[in-house]
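# Sequence and computational prediction follow.
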Amino acid sequence: MSLPPQWIPSEIRWQNYREAVQAIPFFTYAKNTVYVATLGAVGMVLSSSLVAYGFSRIEWPGRDLFFYVTLGTMMVPFPVVMVPLYGVFREFHWIGSFKPLWVPCWFGAAFNIFLLRQFFMTLPKELSDSARIDGCTEIGVFTRIVLPLARPALAVVALFHFLFAWNDFLGPLLFLTRQETFTLSLGLQFFQSQHGGTMWHHLMAASTLVILPVIVLFFFTQKTFIQGITFTGIKG
């Protein structure tokens, strides 16, 4: 907060982390965030991979047209559909629960469908044809051949969505109403606004704890992540 900035603090106060966890219901927020992010990531991988398989490996009338329409939805920003979505979830009586944050993920997303489609198109079709000749069904080809070969791309989709859900602020702000259901991003903003003056030392310590799992996750998955990005889009 000083000018000019002091990059190296004169005193390192490790107790700020302990005090921040005590001042903020950090572990409750973290549990809620992990719950929403994990369910959303699982649903996003399953639904997007199934749709991408239909767009890349199965011939059916109007396939390319539907694919372009799906890509067109990427140009619609979330604030445009925010009010209609709120109305829909209110009719379902989902406002105040976690369902609006993870249930839509089980219906796929245009970017992830595009990413997986491009990866699936790089896989040799001879593998699928051989399996069909041996009597394997289309679902069998998808689950036994395509998905195991697409592990790097699936990991990229899961990581992308997990990071998005971990950092998402607008969705929880719109759909969550009780403090015990807040996620980390919303909880930290609520902590900042409930005091007359911001307790910056606690807020910065809590923000560091929020960022740390993301860094660790990317560190352990960077090989698979880079491999999936590299192989995606070679053919299309």
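Great, that's in hand. Quantities reported herein were computed from a predicted structural model and do not represent experimental measurements. Residues are numbered from 1 along each chain as shown.
# For stretch 53-62, give the mean pLDDT please.
Summarised as a single mean, pLDDT over stretch 53-62 is 92.
# One more: stretch 66-81?
Stretch 66-81 carries an average pLDDT of 93.
# swap in stretch 172-182?
Average pLDDT, stretch 172-182: 94.
# show me the contacts for the residue nearest the centre of the chain.
Centroid check for the chain by CA atoms, centre = their mean gives H161 as the closest residue, at 1.5 Å. Going by CB atoms under 8 Å, 6 or more residues apart in numbering, H161 touches A37, G40, A41, M44, V45, C105, A109, N112. All C-beta atoms are positioned from the backbone trio N, CA, C, and that covers glycine.
# Determine the three-state secondary structure at I8.
coil (DSSP: H, G, I helix; E, B strand; the rest coil).
# How many residues are close by it?
5 (other CB atoms under 10 Å).
# What of F66?
F66: 14 neighbours (other CB under 10 Å).
# how far away is it from R117?
12 Å (CB to CB, to the nearest Å).
# Pull up the overlap in contacts between those two.
Joint contacts of F66 and R117 (CB under 8 Å, 6+ apart) are F55.
# list the helices and strands the helix or strand of the chain with the lowest mean pLDDT packs on?
Using mean pLDDT, DSSP states H and E, helix 200-231 stands out as the lowest-scoring helix or strand of the chain, at a mean of 78. Counting contacts by 3 or more CB pairs under 8 Å, 6 or more residues apart in numbering; DSSP states H and E, helix 200-231 packs against helix 15-23, helix 151-167, helix 184-193.
# Output the contacting helices and strands for the last one.
Same thing as helix 184-193. helix 26-56, helix 170-175, helix 200-231.
# could you dump it to CSV, C-alpha only?
Taking Å, rounded to 0.1, in the frame of the first residue of the first chain, the C-alpha atoms of helix 184-193 are listed here in CSV:
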residue,chain,number,x,y,z
LEU,A,184,-14.3,-18.9,-2.6
SER,A,185,-14.5,-16.0,-5.0
LEU,A,186,-17.9,-14.9,-3.7
GLY,A,187,-16.9,-15.5,-0.1
LEU,A,188,-13.8,-13.3,-0.3
GLN,A,189,-15.8,-10.5,-1.9
PHE,A,190,-18.4,-10.8,0.9
PHE,A,191,-15.6,-10.7,3.5
GLN,A,192,-14.2,-7.5,1.9
SER,A,193,-17.6,-5.8,1.9
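# Going by neighbour count, list what's buried in it.
Buried positions in helix 184-193, judged by neighbour count with 16 or more other CB atoms under 10 Å: L184, S185, L186, G187, L188, F191, Q192.
# And for the first one?
Of the residues in helix 15-23, those scored as buried under the neighbour-count criterion (16+ other CB under 10 Å) are N16, Y17, A20, V21, A23.
# quick check, nearest of the residues you listed to T221?
Here the nearest of the buried residues of helix 15-23 to T221, counting by CB to CB, is Y17; it sits at 25.2 Å.
# Now do that closest one against E11, distance only.
15 Å.
# same check, this time on G96
According to CB to CB, G96 stands 43 Å off from E11.
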